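> The following block contains a protein sequence and its predicted model.
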Amino acid sequence: VGSSGRSAGEAGPEGAGPEGAESRRPWCCGPRTSELLCAWLPRPPGSGCGCCLDCRWRWQPCSAGWCAGDVTAQVALQPALRFNGGGHINHTIFWTNLSPNGGGEPKGELMEAIKRDFGSFEKFKEKLTAVSVGVQGSGWGWLGFNKEQGRLKIASCSNQDPLQGTTGLIPLLGIDVWEHAYYLQYKNVRPDYLKAIWNVINWENVSERYSACKK
């Protein structure tokens, strides 16, 4: 499970770097993927969701038009904000959704909700896997929470479109299906990657997100 798309604004876990990438090597990726994680994922502390970048991916001050409230400038930057901001949000969730001690099945309220809304854990896995495999081009498969209905939902988003901004669902579990996320280990066989990723899902993190969004 490596970097996907190398888009401006994508961010790795806090403190990501050679040590963080190396710690992931045994359970999710080979040496080359780890090398790329080290090279591409670190970002300056507090860089947040900046929208103005030079070609070296360094954060730059916002343009005068944006900061001065120029509506035309703001509209022109919306695609960049959606892509770069979405990439930051998606990857921030993605890294915490993974763990070398992951896999297995969720427990407690999350498991009960999965059984209620999908019939069984296996049916849930099959559906999210199918939706993720079926994403055309690059994008994400998601388990989200519909707060109004109080139900879990499965959805997909193209490119780096953020789940909540696109569908209104609160993101709980994201699966990166940009080809860069798996090509070095699984080539273009996305189903093999989707089969393996369940071995490293951090259900404790997903459960915490579920509990938090119900409040």
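The structure has been received and is ready for your questions. Here the structure is a predicted model, which means the values were calculated and not measured.
> Check which helices and strands whatever helix or strand residue 196 lives in is in contact with.
When elements are assigned from DSSP states H and E, residue 196 belongs to helix 190-197. Under the contact definition 3 or more C-beta pairs under 8 Å, 6 or more residues apart in numbering; DSSP states H and E, helix 190-197 sits against helix 121-133, helix 183-186. Any C-beta I mention is one placed from the backbone N, CA and C, and that applies to glycine too.
> Distance check, the closest residue to residue 188 other than its chain neighbours against residue 192.
Distance criterion C-beta to C-beta, 6 or more residues apart in numbering; nearest residue to residue 188, sequence neighbours excluded, is residue 179 at 6.6 Å. From residue 179 across to residue 192, the span is 13 Å (C-beta to C-beta, to the nearest Å).
> again, but for residue 140
From residue 140 to residue 192 the distance is 18 Å (C-beta to C-beta).
> In this protein, mark out all the strands, start to finish.
For the chain, applying DSSP state E gives strands covering 139-146, 151-158, 170-176.
> Helix 190-197 and the shortest one, what's the angle between them?
Note on geometry: by axes from the mean of the first three to the mean of the last three C-alpha atoms, to 10 degrees, strand 170-176 and helix 190-197 are set 120 degrees apart in direction.
> by how many degrees do strand 170-176 and helix 121-133 diverge?
60 degrees.
> Neighbour count for residue 179 and residue 192, which is higher?
Set residue 179 next to residue 192 and count neighbours by other C-beta atoms under 10 Å: residue 179 wins out with 17 against 13.
> Residue 152 contacts residue 117, correct?
Yes. Using C-beta atoms under 8 Å, residue 152 is in contact with residue 117, at 4.4 Å.
> who are the neighbours in contact with the residue nearest to residue 203 when sequence neighbours are not counted?
Distances taken as C-beta to C-beta, 6+ apart place residue 106 nearest to residue 203, at 4.0 Å, with adjacent residues excluded. Residue 106 is in contact with 114, 121, 203, 206-207, counting by C-beta atoms under 8 Å, 6 or more residues apart in numbering.
> Residue 93 now?
171, 174.
> quick revisit: what are the phi and psi angles of the residue nearest to residue 203?
phi -70, psi 170 (degrees, to the nearest 10).
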